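A.B. asks: Pasted the sequence and its predicted model underneath.
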Amino acid sequence: MGILVAPSLLAADFGNLERDCKMVNASEADWFHIDVMDGVFVPNISFGMPVLKSIASHADKPLDVHLMIVQPERYIDTFAALGSNILTVHYEASTHLHRTLQSIKDKGMKSGVALNPHTPVDLLEPIINDIDVVCLMSVNPGFGGQSFIENTYSKVEKLKEMILRKNSSAMIQVDGGVTNKNAKKLVEAGADVLVAGSYVFKSPNPDNTIKDLKNLLK
Ligand code: DX5
Ligand code: ZN
């Protein structure tokens, strides 16, 4: 399987969400990345269920929902019912992570765990075989358009080594500040899925930008 690209709709034009969803449908992108922020876990509020419902009605590729909210376990059933395919919770926001991941899988979704830039990947060792996608934050979560944190490369390498050693099938996703400047190096370090928001949607031709990114990673 090639490297997956997941455009983050946080950088889309919310006045033209249907248009932007259709652009992603028709593009070479693999997943829709959807950032839900509660203003508590992160210092920003993005959007919630009604907007996700609208996205789901237009999107025909997997919905990769990244929850930047406290106590994410409260909303697992809701996000499943809205059509989420991958549901990612933050390690830092989950007191009973193992139980939360089982609940996500019981609802038929893939389980994701996101780590803030300061959270060491070693913490995942006891639970790596229960995770489908590890999302390494390469910016501090809360906002699109920030600069990529260089330390991410070594986190990807470390995590890759752990995944191989533990015979885990977890995919490594990198989220934040991804561009054509760091994409190749991230894949060489072991990344499987790249999230790109501003780089895609703020470019003159988002469809072409996705295509170029995919080509770069072939
Ligand atoms: C940040 C979000 C990211 C963000 C990425 O909190 O999790 O998914 O949308 O945006 P860019 O690619 O602009 O950094
Ligand atoms: Zn995200």
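C.D. replies: Happy to help now that I have it. Ligands and ions are numbered 1, 2, ... in the order given.
A.B. asks: roughly how far apart are Lys61 and ligand 1?
C.D. replies: Per Cβ to the nearest ligand atom, to the nearest Å, Lys61 is found 16 Å from ligand 1. C-beta: built from backbone N, CA, C; applies to glycine.
A.B. asks: got it, and Val70?
C.D. replies: 15 Å.
A.B. asks: Would you confirm that that residue contacts Gly39?
C.D. replies: No - with contacts counted by Cβ atoms under 8 Å, Val70 stays clear of Gly39, the gap being 9.9 Å.
A.B. asks: Neighbour count for the two, which is higher?
C.D. replies: Between Val70 and Gly39, counted using other Cβ atoms under 10 Å, the more crowded position is Val70 (16 against 13).
A.B. asks: Could you verify that that one is part of a helix?
C.D. replies: No - with DSSP: H, G, I helix; E, B strand; the rest coil as the criterion, Val70 is coil rather than part of a helix.
A.B. asks: what's it in contact with, if anything?
C.D. replies: Asp38, Val40, Phe41, Ala93 (Cβ atoms under 8 Å, 6 or more residues apart in numbering).
A.B. asks: for this protein, longest helix please?
C.D. replies: Ranked by residue count, the top helix of the chain under DSSP state H comes out as helix 152-165.
A.B. asks: got the buried residues for it?
C.D. replies: Thr152, Tyr153, Lys155, Val156, Glu157, Lys158, Leu159, Lys160, Met162, Ile163 (16 or more other Cβ atoms under 10 Å).
A.B. asks: Just say helix, strand or coil for the nearest residue to Val133 once chain neighbours are set aside.
C.D. replies: The shortest distance from Val133 to any residue other than its chain neighbours is 4.0 Å, reached at Gly112 (Cβ to Cβ, 6 or more residues apart in numbering). Following three-state DSSP, the label given to Gly112 is strand.
A.B. asks: ok, Gly112 to ligand 2 distance?
C.D. replies: Remark: distance between Gly112 and ligand 2 (Cβ to the ion, to the nearest Å) = 10 Å.
A.B. asks: ok, that residue touching His90?
C.D. replies: No - proximity of Gly112 to His90 does not meet the contact threshold set by Cβ under 8 Å, at 9.7 Å.
A.B. asks: how about the residue found closest to Leu217 once you drop the neighbours it is linked to in the chain, phi and psi?
C.D. replies: Among residues not flanking Leu217 along the chain, Ile3 sits closest, at 4.1 Å (Cβ to Cβ, 6+ apart). Torsion angles at Ile3 (phi, psi; degrees, to the nearest 10) stand at phi -80, psi 140.
A.B. asks: Now tabulate the buried residues of helix 152-165 in a markdown table and tack on distance to ligand 2 and pLDDT.
C.D. replies: Below are these laid out as a markdown table (distance: Cβ to the ion, whole Å; pLDDT from 0 to 100):
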| residue | distance to ligand 2 | pLDDT |
| --- | --- | --- |
| Thr152 | 14 | 99 |
| Tyr153 | 19 | 98 |
| Lys155 | 16 | 99 |
| Val156 | 16 | 99 |
| Glu157 | 21 | 98 |
| Lys158 | 21 | 98 |
| Leu159 | 17 | 99 |
| Lys160 | 20 | 98 |
| Met162 | 22 | 98 |
| Ile163 | 20 | 98 |
